[in-house]
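# any chance you can model this:
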Amino acid sequence: MLTNYLKIAWRNLRKHKFYSFLNIFGLSLGLASCLLISLYVIDELSFDRSFSNAERIYRVNSDIRFGGADMKLAVAPDPLAFTLKKDYPQIEQVTRIREHGSQLVRRSNSTENLKEENVYYADSTFFNVFSSPLIAGDPKKALVEPYTIVLSEKDAAKYFGTENPLGKTLVVDFDKTYTVTGIMKNMPARSHLRDLNMLLSMSTYGESRLGAWGSHNFNTYLLFRPGVDPKQFEKNFDTVLEKYTGKWIQAFLGASLDEVRKSGSYIRYSLMPLTDIHLHSDRTAEVSVNGNVQYVYIFAAVAAFLLAIACVNFMNLATARSANRAKEVGVRKALGSERSSLITQFLTESVMLSFFSIALAIVLAYVALPFFNNLASKQVTFPLQEVWFWVVILLTGGVVGLLAGSYPALFLSAFKPLKVLKNSVELQEKGGYLRNALVVFQFVISVMLIVGTGVIYRQLNFIQTKKLGFNKDQMLIVNDAYALNNQVKAFKEQVMRIPNVESATVTSFLPTPSSRTDHTFFPVGEIQQDKGINMQKWAVDYDFVKTMGLQMANGRPFQEEFPSDSTGIVINEAAAKVLGYADPVGKRIFGYEDETLKQKITYTIIGVVKNFHFESLKKNIGALSLVLYRSNGNVVFKLNGGNVAQTVGQVEQLWKKMAPAQPFSYRFMDEDFNEVYRSEQRVGQIFITFAAISIIIGCLGLFGLSAYTAERRTKEIGVRKVLGASVTNIVTLLSKEFLRLIIIAILIGIPIAWFGMNQWLNDFAYHVDLAWWMFLAAGGIAITIALLTVSFQSIKAALMNPMKSLRSE
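Sure thing, here's the model as predicted:
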């Protein structure tokens, strides 16, 4: 019997090639899109799960409100980890890592440095918490001694080739010699620790032993014993704050922890599961750029919508063509066929079509995968060798076939033989309400995706064109200026002689991603905790304000003719507002230079710079200060156009002349700025891609329905033309029904899209408004696309010779 069902199904698919193509291609597009997005979602959800004790590892987060600043940090104080280990037996092990930034590294017997982007200090317990096995060396001893280093496989091969690196030495940061004591496997690509290739022993780093409870610089991880409830354990942080942090606050502010809390300030610690970090954490001092769980939800919904649209197409075309198969059903029932056998027959056809679509979908997805990886900045692969993948594919084919074919099967098998064989007109209208509802559903989704794409691209354009308060265009950044040693000033002066260079500054601090450091200041004579201000403190030179194109709101920038500027400070308007000064110039503030609270320094405010965006537009502009201090991270040159490539070449020649053994590395500030919003740009590109696919799938269904409608009304069209109806009248007649459905879809889709995009825009402190014309434009696009799709069949039917259509009837 099954063989007979398959034969009949195959004959029907071959007999109606046009409708079979629409169904298979539409369903395969939906399935291919769903497959690609599913691979993306699986990849995002799998981060940090490869560590053997992943479910018992938690990171300590810090939330601090003080001095007008709200800080959400992925780091904790240096003594917290081992204090918790000492005081609470629920913790099996702890470890910390501390960013050391990009460093120049070379073998001891070489003069040429290589640049390492992500160098970290790590405790000797690192390998007890994270199960990243050592290929060589003893994990219990590898990072115990000062000036020892563990390399990844990749870095070991880079520096030592096929040699055994153990016991050999590397020179980091020009003059610090480290002995290689371990080689670890490359960190998993699906981990927030994926960029860790070089670990220095934490015992080398003096600040790791200061016991400074007020300085938050260490990514801190706890490995709990089996059976411990981390949520319950979090309650112990209140005790830790009272016992340890409270003493530091008393020494620093002369106020108790309770007094600080009553003023609205606070320090809070919380735990985050290791497996939640990638998708649920966007804090300051993250180890790597994380994902966003909102985008995972959005893409999962898009995948479900695309698959739903494709299934809706199948159901629509199957029910629309019911009259064509009505006599078949009537004859079968008259000959004794049971309804159950008819349902089985139609479901067999549906499942067969579904498997054809899945086969084509796998091919389409495989071909599109490189493009999708580039679009999503992923390295997703097809798990073709995994059994679970094929099980899911087979189940998907069966489930989609059954779901998509269930209503048509029930609908067709319910026909009454007597009415069918009498050619009852009722059959032609039966199911029309559901078809209309499904068309509306398809275009509701399309309208939502069109609106979403438009809003995202308008926000990205707003970001690109917004006045930021600083120059980002034509700004050449030469990295690692410290590699020039005492020739930094000479290098800057020689490059300034190049005609296309306007000005230059030497600093590690830039408005685009770079070094950041928070400091707390107080007005002189006042150290009350409610008078403090927490702000960024940037070390700059005399030319920073000019080169960056910053504008002064009051006072002046640093000037060489004023020797007292060595203790001067320039603040921004946000800092002046927090301090409460109507005229800050001349006022004096003081702060501490390190976490020991021993080095106090007083500054005189010499100027106020206008606010500029030094963080993402997702954040409000915070308090910031500039001080004169040597900080040889970068040399930034403001160019005035001309041949940029030639200018870069001249700068490189000067570099190689003055630092021949050091790598020359540069970037442009506008590229750094764009990188901050790379995830939003990717989302926009993915949105427009899948919005286009949803429209294509919807149009395939609309095209099939309009073809069927024109076919069903052939005789009516012929009569109307004989009676004098014009082509325009006929096209309007056939199109207005579909136009009504699209307008209903627009009215439903726009409020839903408004709500969703309003939620997305709320993530930005600075964003566009949702203007009415954006929704009007989206509706216009949907109507235009629908009319173009329907009009092809409408015009074709309207141009048909009425004598031919009447004769064929």
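# how about the strands in the stretch 251-400 of the chain?
Taking DSSP state E, counting those that start in this stretch as the criterion, the stretch 251-400 of the chain carries its strands at 266-273.
# in it, which ranges drop under the pLDDT threshold?
For the stretch 251-400 of the chain, residues meeting the criterion pLDDT under 70 lie at 317-337, 339.
# rerun at 90
Scanning the stretch 251-400 of the chain for pLDDT under 90 picks out 251-266, 282-285, 289-359, 371-400.
# distance check, Glu259 against Leu364.
Look at Glu259 and Leu364: by CB to CB, to the nearest Å, they are 65 Å apart. All C-beta atoms are positioned from the backbone trio N, CA, C, and that covers glycine.
# check which helix or strand the most centrally placed residue in the chain maps to.
Taking CA atoms, centre = their mean, the centroid of the chain lies closest to Ser679, which sits 3.9 Å from it. Secondary structure assignment for Ser679, by DSSP states H and E: helix 678-712.
# so which other helices or strands are in contact with that helix?
When contacts are defined as 3 or more CB pairs under 8 Å, 6 or more residues apart in numbering; DSSP states H and E, helix 678-712 packs onto helix 17-45, helix 293-320, helix 339-376, helix 432-465, helix 727-761, helix 772-798.
# dump those into JSON lines; add mean neighbour count as well.
As requested, the helices and strands packed on helix 678-712 are exported to JSON lines (neighbours: other CB atoms under 10 Å):
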{"stretch": "helix 17-45", "mean neighbour count": "21"}
{"stretch": "helix 293-320", "mean neighbour count": "22"}
{"stretch": "helix 339-376", "mean neighbour count": "18"}
{"stretch": "helix 432-465", "mean neighbour count": "21"}
{"stretch": "helix 727-761", "mean neighbour count": "17"}
{"stretch": "helix 772-798", "mean neighbour count": "18"}
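# export those helices to CSV and tack on distance to Asn219?
CSV is the format used below for the helices and strands packed on helix 678-712 (distance: least, CB to CB, whole Å):
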stretch, distance to Asn219
helix 17-45, 21
helix 293-320, 20
helix 339-376, 26
helix 432-465, 29
helix 727-761, 29
helix 772-798, 41
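# those: which one's closest to Ile688?
helix 432-465 (4.6 Å; CB to CB).
# pLDDT score for Gly167?
Looking at Gly167, its pLDDT stands at 92.
# hmm, it is touching Val180, no?
Yes: Gly167 is within contact range of Val180, at 6.8 Å (criterion: CB atoms under 8 Å).
# count the neighbours of Leu484 for me.
Residues near Leu484, counting by other CB atoms under 10 Å, number 20.
# quick check: it touching Ala659?
Yes: the pair Leu484 / Ala659 is scored as a contact, 5.2 Å apart, by CB under 8 Å.
# ok, and the closest non-adjacent residue to Asp518?
Leaving aside its sequence neighbours, Asp518 sits nearest to Asn534 (CB to CB, 6 or more residues apart in numbering; 5.8 Å).
# need the contact list for that neighbour.
64, 66-69, 71, 518-521, 623 (CB atoms under 8 Å, 6 or more residues apart in numbering).
# so it bridges to which residues?
Going by DSSP bridges, Asn534 is paired in beta bridges with Thr520.
# could you measure from it over to Ile64?
Taking CB to CB, one finds Asn534 at 8 Å from Ile64.
# got any residues that touch both of these two?
Shared contacts of Asn534 and Ile64, defined by CB under 8 Å, 6+ apart, comprise Met71.
# show me where the stretch 401-550 of the chain has its strands.
For the stretch 401-550 of the chain, the strands defined by DSSP E, counting those that start in this stretch occupy 475-479, 501-507, 518-523, 533-540.
# between those, which one is closest to Ser50.
From those, taking CB to CB, the stretch that ends up closest is strand 475-479, at 32.5 Å.
# other residues contacting that closest one?
Strand 475-479 is contacted from outside by 102, 115, 510, 633-639, 644, 647-648, 651, 655, 664-670, 672, using CB under 8 Å, 6+ apart.
# just the buried ones from these?
By neighbour count, with 16 or more other CB atoms under 10 Å, these hold 510, 633-639, 647-648, 651, 655, 664-666, 668-669, 672 as buried.
# from those residues, which land in strands?
634-639, 666, 668 (DSSP state E).
# sorry, back to before: out of the strands of the stretch 401-550 of the chain, which is closest to Leu35?
With distances scored as CB to CB, the stretch of the strands of the stretch 401-550 of the chain nearest to Leu35 is strand 475-479 (40.9 Å).
# so the closest one versus strand 501-507, what angle?
Per axes from the mean of the first three to the mean of the last three CA atoms, to 10 degrees, the angle that strand 475-479 makes with strand 501-507 is 40 degrees.
# list the buried residues for strand 475-479?
Within strand 475-479, the residues that count as buried by 16+ other CB under 10 Å are 475-479.
# that strand pairs with which strands, parallel or anti?
Paired with strand 475-479 in the same sheet, following DSSP bridges, are strand 634-639 (antiparallel), strand 666-668 (antiparallel).
# make CSV out of these and add mean pLDDT and distance to Gly137.
Listed next are those as CSV, based on pLDDT from 0 to 100; distance: least, CB to CB, whole Å:
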stretch, mean pLDDT, distance to Gly137
strand 634-639, 93, 35
strand 666-668, 91, 35
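# could you dump those to TSV with distance to Ser208?
Output for the strands paired with strand 475-479, formatted as TSV (distance: least, CB to CB, whole Å):
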stretch	distance to Ser208
strand 634-639	27
strand 666-668	31
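# pull the longest strand from the chain.
Criterion DSSP E: the longest strand present in the chain is strand 91-107.
# tell me how far it lies from the chain's centre.
Its chain's C-alpha centre and that of strand 91-107 lie 25 Å apart, by CA atoms, centre = their mean, to the nearest Å.
# likewise stretch 141-150?
The answer for stretch 141-150 is 35 Å, by CA atoms, centre = their mean.
# only the buried residues of the helix or strand following the longest strand of the chain, if you could.
Next helix or strand after strand 91-107 toward the C-terminus (DSSP H and E): strand 114-122. Within strand 114-122, the residues scored as buried using 16+ other CB under 10 Å are 114, 116, 118-122.
# now swap in stretch 484-501 and tell me
Neighbour-count burial for stretch 484-501, with 16+ other CB under 10 Å as criterion, is recorded at 484, 488, 491-492, 494-495, 500-501.
# ok, stretch 590-609 next?
Within stretch 590-609, the residues that count as buried by 16+ other CB under 10 Å are 591-592, 595, 603, 605-609.
# what is the burial count for the spatially closest residue to Phe47 that is not a sequence neighbour?
Using CB to CB, 6+ apart and skipping the chain neighbours, the partner closest in space to Phe47 is His278 (3.7 Å). Neighbours of His278 under the rule other CB under 10 Å: 25.
# hmm, His278 is touching Val287, no?
No: applying CB under 8 Å as the test, His278 and Val287 come out as separate, 10.3 Å apart.
# overlap in contacts, the two.
His192.
# show me the shaky parts of the stretch 651-800 of the chain.
For the stretch 651-800 of the chain, the ranges with pLDDT under 90 are 659-663, 670-742, 745, 756-757, 759-800.
# now do the buried residues in stretch 165-182.
Those would be 165, 168, 170-172, 178-182, for stretch 165-182 by 16+ other CB under 10 Å.
# I'd like those residues as TSV, with secondary structure and distance to Phe389 appended.
Putting the buried residues of stretch 165-182 into TSV (DSSP: H, G, I helix; E, B strand; the rest coil; distance: CB to CB, whole Å) gives the following:
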residue	secondary structure	distance to Phe389
Pro165	coil	38
Lys168	coil	43
Leu170	strand	42
Val171	strand	47
Val172	strand	44
Tyr178	strand	44
Thr179	strand	45
Val180	strand	40
Thr181	strand	41
Gly182	strand	36
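# all set, thanks.
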